[in-house]
Each structure stands twice: as C-alpha cells, then as structure tokens.
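1. Pasting the sequence and the predicted coordinates here, then a few questions.
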Amino acid sequence: MADGHDTVAILDAGAQYGKLIDRVVRELNVKTDLLPLNVDPDTVAAGGYKAVILSGGPSSVYAADAPEFNEGILRLGLPVLGICYGMQLMNKAFGGSVVHTHEREDGQHTIDVDTTSMLFTGMDPRQEVLLTHGDAVKDVAEGFKLNSRHGDVITGMDCADKKLYAVQFHPEVKLTPNGSAIFENFLFKVAGVANTYSVDDRETMCIKELKEQVGDKKVLVLVSGGVDSSVCAALLNKAFGAERVVAVHVDNGFMRKEESATVMKSLQRLGLPLKVIDASTDFYAATTTVDRHASPDDPTAPQSPPLDQAVEPEQKRRIIGDTFMRVAEKEIAKLGIKAEDVYLAQGTLRPDLIESASKLASASADAIKTHHNDTTLVRQLRETGRVVEPLKEYHKDEVRALGRSLGLAEDLVARQPFPGPGLAIRVICADAPVFGAGFDETNAILRFLSRREKGTLTPEQVERLERALEDHECITALGDFSATTLPIRTVGVQGDGRTYSYAVAVSCASEHPPWQALLEFAKVVPRICHKVNRVVFAWGKPVIGPIKQITPTHLTPDVLDQLREADAHVNQLLVEHSLVSVVAQVPVVSVPVDLDAEGSDAATTCRSIVIRTFLTTDFMTGIPVTPGKEIAEAVLNTMRDRILKVPGITRVMFDLTAKPPGTTEWE
C-alpha cells in the first residue's frame with residue numbers, strides 16, 4: 001500500500017462479530033480495510049492487499065437472498081481465510097456441498113484440530129471454540145482437506161497449495177480462547193504479512209475528530225451515568241471545556257433504585273454542571289411508528305401503543321430511543337439554544353451499531369435489537385450531521401481503557417453496564433401466553449429428554465433423540481430432572497441472525513443442583529429444539545409443566561418497583577462480596593410467569609425473577625458464571641432468598657445461557 005503498511009481486506013457478509021475480526025487483526029498491528037462482500041475482484045487486486053478474510057453472516061449460501069459474492073476473489077492468488085459463512089462460500093465455490101443440519105451449533109464446544117495444518121501450528125490438538133450455525137459443510141471441495149472437526153461436523157478445511165484456509169467456528173471472539181493464535185498463524189505464517197501498523201493514540205484521534213465535526217458549536221450529551229456516556233462526557237469536557245458542553249441526565253422512569261442520585265455523585269467528578277430532567281411521564285405515554293423505516297414525526301404513519309402498554313421488545317426500544325431524542329430537542333429549546341447550533345453527543349459503541357445493523361458498522365448485519373442510541377430518529381439526525389459519536393469504533397474494554405487515560409475514577413470506569421432503556425428492557429411484557437409454532441413439539445422433546453416419555457413424537461424423532469442421549473452425557477448426569485417450555489419469548493442471536501424464541505425452565509429436587517451438567521444441557525437444548533434460544537434453572541420444587549398462563553405485565557409503576565427491589569438485592573450482594581469486577585454484567589429480569597401455577601388455566605398474578613450472570617470482555621459473546629466458581633453458591637442462594645421476600649415474586653431462576661444463543665439482555 002501507499003503508506004508502506006501491509007494491509008488485509010476483510011469482506012463483510014453481515015457477521016454479528018464482523019468488527020471483532022477487524023479488532024483482533026488490528027491488535028496484531030496489521031492494517032485492515034473493511035469492504036462489502038460483493039466487492040469486485042479487480043478492486044481487491046488493485047488494492048495491493050496481502051490477504052483476504054471472509055467474515056461470517058446470517059445467510060445460507062443457497063438462499064435466494066444471499067449476499068452477492070464474486071468467486072473470482074478466491075482465484076486472485078491471495079491467501080484467504082473464510083470464517084463460518086465464509087467457509088461455506090469457499091467450499092461451494094470449489095464444488096463442495098453445504099447442507100442444513102438437524103441440530104444447530106450455538107455455543108462453546110471442543111473440537112479436534114490437525115496440528116500439521118499451518119492454521120493450527122503450535123496448538124494443542126483439542127481446542128475450545130465458538131460454533132454458531134445452522135448450515136454445515138457436508139462434502140469438502142476437491143483439493144481441500146479437513147483440518148478440524150467436532151464429532152461428525154466439519155469445522156475446518158484448507159488447500160495449502162492455494163493458501164486457502166477456512167473454519168466453521170469464530171476465532172475472533174473470546175469464546176475461542178486461542179483464536180488470536182489462529183489469526184497469527186494465518187497472517188504471519190501463511191500470508192507473510194508484516195505487522196508494522198500501530199494505531200495512533202485513540203484519545204488524540206477522538207478529540208481531533210470532535211473538533212473538526214463540531215467546530216464552534218455547543219454539544220449536548222445525555223449522560224446515563226454508565227461507563228460509555230461518562231467517558232463520552234469526559235472526552236467532550238477535555239475537547240471543548242464545560243462552557244461548551246451541556247450535560248443532561250434524563251430520568252426516564254426506568255432507572256435502578258436511587259440510580260439518579262448515584263449518577264449525580266459520579267458526574268460531579270467530571271467537573272461538568274449536570275441538569276437532571278424527570279421525563280418519566282413523557283416516556284410512559286410515548287409512542288412511535290410501527291414501521292421502523294418511517295419517520296417518527298409522520299402523523300400519517302401507523303403508531304405503536306403507548307410505552308406503558310407495549311409488549312414487543314423492538315417497539316419498546318424504539319419508543320425509548322425516539323423519546324430520548326425528543327427530550328433532547330425540548331431541552332435545547334428551554335436553554336434558548338437553536339437546534340442548528342448544537343450537536344447531540346452519544347456514547348454509542350461498535351457492538352450497539354452492529355446489533356442494530358447500522359450502516360456505520362455493517363452493510364449486511366442482521367438486526368438483533370434496536371439500541372436506544374441507534375433508532376430511526378437518531379439515524380436521521382446522523383444523516384444531517386448533527387450527531388457526534390466519538391466512541392463508535394470502540395468496544396467496551398477499549399472504552400474503559402480510554403476512560404482511565406482521561407483520569408476517570410476506577411469505580412466509575414469499572415462499573416457494570418446498565419442499558420440506556422434501563423429496566424424497561426428487563427421486564428418481559430405480555431398480554432397473553434405465547435403458544436406459537438414449535439411450543440408443543442418442544443415440550444414433547446423436553447419430556448422425552450427428562451422423563452423418556454415418547455408422547456406425540458414420531459419414530460424418527462425418538463431415534464434422533466436417543467442418539468442425542470448417547471452423545472450428550474450431561475443429560476444423564478442431570479439425574480432426576482424436569483424441563484418445560486415457558487409461554488414467553490426472548491431475543492437471541494443464532495447463526496449471526498436475530499431470533500425471538502422460547503425459554504426453557506429446568507428444575508430438579510436436589511438441594512445442590514448439578515451446575516456443570518445444567519450448563520452443558522443449556523448448550524444442547526437449542527441445538528435440538530430450534531425454537532429455543534434460552535435455558536434457565538428454576539430453584540424450588542420441580543416444575544413438570546406445562547405452563548399454560550402468564551401474569552399480564554406492562555411497564556407500570558408497580559411492576560417496575562417490584563423489579564427495582566429485586567435488582568437492588570442482587571447488586572447489594574455483588575458489592576458486598578466484591579463481585580462487581582468479577583462478573584461483567586448481571587441483568588435482573590422480571591418474567592410474567594408463576595411457575596407454582598403450572599397446569600392452571602386461570603390467569604396468574606405473580607411473577608418470577610431471573611438472575612442473568614454474564615462473563616465477557618468483548619460484550620459480543622459471553623458465558624454465564626459457574627455457581628461455586630466465580631460466584632459462591634451461598635451468595636446466589638442469598639440473592640434468591642432475598643428476592644423471594646419481594647411481594648408478588650414466587651420463583652427465582654438462574655440463566656444458564658451463553659451468548660450466543662441468548663443475547664446479554666432478554667430483550
């Protein structure tokens with residue numbers, strides 16, 4: 001390249017982890033260019049790239065709407081690494097076959113690798129990796145050989161002569177512990193790339209970009225008190241000084257217990273005057289357009305129900321995001337500042353944009369969930385150049401490092417993330433139980449796995465499940481247990497795409513649950529039951545099911561106060577036992593299900609609470625804690641017992657799900 005640095009082209013097929021590829025390669029001091037999957041081979045050839053990486057993506061290579069890809073890329077003579085969907089593209093291009101599998105692969109698994117392959121040089125023959133796919137390579141293309149497998153599933157292949165390598169798993173995520181070594185082998189041993197590229201000081205780059213964009217205007221920053229918005233505010237303060245920064249904290253009615261007071265204390269350290277607005281009434285009554293592509297201010301567009309009546313997760317997020325923007329505009333008017341003379345600053349991160357399928361992050365990514373800082377209205381403001389997002393190229397751990405360099409206090413920088421929509425997305429709202437496609441079949445499968453009841457299953461299904469019992473020892477290790485489908489849906493990410501599927505509750509009579517077997521079982525269920533993206537353990541007496549009713553639940557003050565109390569108990573214990581820095585995030589979720597009313601046809605009035613522990617460094621993937629390891633079982637039991645004292649709560653559940661297949665938040 002003209003600047004003297006070897007550069008690698010990353011072709012984006014819409015992977016939820018696509019920008020992590022960029023980040024891992026960048027951390028190895030190699031320059032990257034992100035290009036669309038349909039880039040012309042001549043463009044790649046003219047770019048002087050040393051190697052090409054094909055990302056994963058949510059599509060099937062045989063789908064009519066699959067992203068366009070010019071196979072000539074693979075015949076340029078450049079070293080190529082295909083990841084997940086990229087491997088399937090490579091195999092198909094050279095005459096191999098790809099098939100849809102009966103069992104999904106979503107989670108961390110152990111694979112066997114061929115250490116004679118240059119991709120796995122210097123590595124152990126058994127590797128932990130993240131697999132997340134519904135399609136798989138069946139027959140490897142001529143000229144290629146296997147370099148790894150997971151049981152009968154082909155997880156890697158290569159053609160060393162052509163320097164073409166591919167893996168079905170995701171080496172770019174932390175759930176593949178030795179993923180960086182795989183990139184090192186490909187970049188340095190296969191492609192011969194020189195790692196001479198060092199990124200300029202991030203803080204200096206951010207301030208320079210801010211000054212160029214904002215000029216002599218003022219900047220309004222909505223500060224939640226979380227890490228992202230606080231670092232953003234500190235950066236703005238350093239770039240422009242307090243006289244040009246208008247810092248506003250919006251109490252949207254969905255804050256944690258005494259959260260606004262905590263925000264005030266934290267932000268006093270920044271030396272910024274903070275204006276606090278109680279906008280809870282505005283938020284409760286707010287609506288948005290049903291069509292996410294319509295303007296929120298279009299009076300002719302069909303409107304959603306008010307937020308305090310909405311049940312769809314996407315509607316809730318979009319209403320909150322759009323209302324944040326309206327509150328910001330109102331505040332500008334009150335301060336006598338003309339809208340055209342101010343910019344809106346946000347602490348938007350790279351994962352926010354990827355999960356929202358923002359064009360800033362990816363042209364092809366599937367929308368997993370709309371983030372409150374990336375709604376239609378925000379995108380419209382962005383298109384007019386009135387939004388500044390200095391952290392948009394950062395991941396969470398990089399933001400923490402920037403915060404430290406800005407001199408922010410460690411207790412603020414290291415605090416656990418709290419979503420902008422607050423507790424609103426930690427209440428699963430519902431008007432009625434969900435008995436959609438797959439509910440009865442999933443329950444039938446679970447009854448066979450737990451109680452060996454064949455019920456309505458076909459002989460073919462029984463045969464497949466019997467094989468699953470043989471293949472997965474964790475099911476036998478659970479001993480006497482029960483599992484049933486909950487008539488609610490949660491958001492997940494599977495095969496690089498968004499799912500809105502059922503949660504499964506597992507229970508047993510033992511006072512000491514077999515946690516390791518339960519965590520393994522939680523990996524198996526979504527593979528067998530394709531309408532499931534989350535598995536929880538329910539403390540208390542066994543729940544046989546079926547669960548036929550829910551407690552009608554909306555974002556009303558009584559529901560939110562109930563969750564606040566439960567959330568406060570959990571967070572108090574996290575602080576008391578010095579666990580805030582051990583566990584990356586612990587969402588506490590209100591679920592409109594009374595497990596003690598199983599089998600009843602009558603509407604219920606009580607709810608359950610879920611404790612969702614999450615271990616991660618990149619916040620794109622993660623795993624739950626293992627009780628007794630990262631968190632003492634006695635601490636979890638105390639959390640459970642205190643929550644059960646909250647009026648209207650009859651059960652507490654522990655989320656056993658990794659990401660994927662479940663997202664960090666339930667909505």
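-> Nice, I can see it.
2. can you point me to the longest strand in the chain?
-> Longest strand of the chain, by residue count under DSSP state E: strand 97-113.
3. could you give the mean pLDDT of that strand?
-> Throughout strand 97-113, pLDDT has a mean value of 83.
4. just the angle between the helix or strand following that strand and strand 97-113, please?
-> Next helix or strand after strand 97-113 toward the C-terminus (DSSP states H and E): strand 126-139. If you take axes from the mean of the first three to the mean of the last three C-alpha atoms, to 10 degrees, strand 126-139 sits at 160 degrees to strand 97-113.
5. for strand 126-139, which positions count as buried?
-> For strand 126-139, burial by neighbour count (16 or more other C-beta atoms under 10 Å) applies to 127, 129, 130, 131, 132, 133, 134, 135, 136, 137. C-beta: built from backbone N, CA, C; applies to glycine.
6. where do the helices sit along the stretch 51-200 of the chain?
-> Per DSSP state H, counting those that start in this stretch, the stretch 51-200 of the chain carries helices over the ranges 85-93, 179-184.
7. Those helices: lowest mean pLDDT?
-> Of all those, the minimum mean pLDDT falls on helix 85-93 (a mean of 94).
8. buried set for that helix?
-> 85, 86, 87, 88, 89, 90, 91, 92, 93.
9. residues in contact with the third one?
-> Spelled out, that is residue 87. Neighbour list for residue 87: 54, 137, 156, 157, 166, 167, 168 [criterion: C-beta atoms under 8 Å, 6 or more residues apart in numbering].
10. how close does it get to residue 165?
-> Distance from residue 87 to residue 165, counting by C-beta to C-beta, to the nearest Å: 9 Å.
11. anything in contact with each of these two?
-> With C-beta under 8 Å, 6+ apart, residue 87 and residue 165 have common neighbours 156, 157.
12. Show the average pLDDT along stretch 464-484.
-> For stretch 464-484, the mean per-residue pLDDT is 89.
13. Who are the packing partners of the longest strand of the chain?
-> Secondary-structure packing of strand 97-113 (3 or more C-beta pairs under 8 Å, 6 or more residues apart in numbering; DSSP states H and E): helix 85-93, strand 126-139, strand 145-150, strand 153-159, helix 515-528.
14. ok, of those, where does mean pLDDT dip lowest?
-> strand 126-139 (a mean of 88).
15. May I have it exported as CSV, CA atoms only?
-> Extracted C-alpha coordinates of strand 126-139, given in CSV (Å, rounded to 0.1, in the frame of the first residue of the first chain):
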residue,chain,number,x,y,z
ARG,A,126,-8.1,-30.1,21.3
GLN,A,127,-9.4,-26.6,21.2
GLU,A,128,-12.4,-24.7,22.7
VAL,A,129,-14.2,-22.7,20.0
LEU,A,130,-17.5,-20.8,19.4
LEU,A,131,-19.7,-22.5,16.9
THR,A,132,-22.9,-20.8,15.8
HIS,A,133,-24.5,-22.1,12.6
GLY,A,134,-27.4,-24.0,11.1
ASP,A,135,-25.7,-25.0,7.9
ALA,A,136,-22.6,-27.1,7.6
VAL,A,137,-20.1,-28.4,5.0
LYS,A,138,-21.0,-31.9,4.0
ASP,A,139,-18.5,-32.8,1.3
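16. and that strand with strand 153-159, angle?
-> Using the same axes, to 10 degrees: strand 126-139 against strand 153-159 is 80 degrees.
17. partners of strand 126-139 in the sheet?
-> strand 97-113 (antiparallel) (DSSP bridges).
18. what residue ranges in this structure are flagged as low confidence?
-> 1-3, 16, 102-105, 133, 198-202, 292, 296-297, 339, 350-382, 496 (pLDDT under 70).
19. Which helix in it has the most residues?
-> With residue count as the measure and DSSP state H as the assignment, the chain has helix 313-334 as its longest helix.
20. Show me which of the buried residues of strand 126-139 is closest to residue 184.
-> residue 127 (14.3 Å; C-beta to C-beta).
21. partner residues bridging the closest one?
-> Beta-bridge partners, per DSSP bridges, of residue 127: residue 111.
22. do you know how far it is from residue 82?
-> From residue 127 over to residue 82 the distance is 18 Å, taken as C-beta to C-beta.
23. what do you get for residue 636?
-> Relative to residue 82, and taking C-beta to C-beta, residue 636 is found at 41 Å.
24. got the contact list for residue 144?
-> 91, 94, 96, 157, 158, 159, 164.
25. go again using 6 Å as the cut-off
-> Contacts here follow C-beta atoms under 6 Å, 6 or more residues apart in numbering; on that basis residue 144 touches 157, 159.
26. For it, give me the backbone phi and psi.
-> Dihedral pair for residue 144: phi -100, psi 160, per degrees, to the nearest 10.
27. ditto for residue 306
-> phi -60, psi 150.
28. swap in the one 5 residues further on?
-> With angles defined as degrees, to the nearest 10, residue 311 shows backbone torsions of phi -120, psi -20.
29. Next, count neighbours for the spatially closest residue to it that is not a sequence neighbour.
-> In space, and not counting its chain neighbours, residue 311 is closest to residue 429: 4.2 Å by C-beta to C-beta, 6 or more residues apart in numbering. Each residue near residue 429 was counted by other C-beta atoms under 10 Å, and the total is 25.
30. How much space separates residue 429 from residue 490?
-> Relative to residue 490, and taking C-beta to C-beta, residue 429 is found at 12 Å.
31. Check residue 184 too.
-> 37 Å.
32. Same drill for the two, tell me which one is more crowded.
-> residue 490 (26 against 19).
33. ok, and the closest non-adjacent residue to that one?
-> residue 666 (4.6 Å).
34. Name the SS class of that neighbour, please.
-> coil (DSSP: H, G, I helix; E, B strand; the rest coil).
35. from what I can see it touches residue 588, true?
-> No. Counting by C-beta atoms under 6 Å, residue 666 does not reach residue 588; the two are 10.3 Å apart.
36. Could you tell me how far residue 487 is located from residue 563?
-> In this view, residue 487 and residue 563 are 20 Å apart by C-beta to C-beta.
37. Would you agree residue 342 is in contact with residue 220?
-> Yes. Using C-beta under 6 Å, residue 342 is in contact with residue 220, at 5.4 Å.
38. residues near residue 611, how many?
-> The burial count for residue 611: 25, using other C-beta under 10 Å.
39. and it, bridged to which residues?
-> So, taking DSSP bridges as the rule, residue 611 has residue 588, residue 654 as bridge partners.
40. so who does residue 272 touch?
-> 237, 242, 247.
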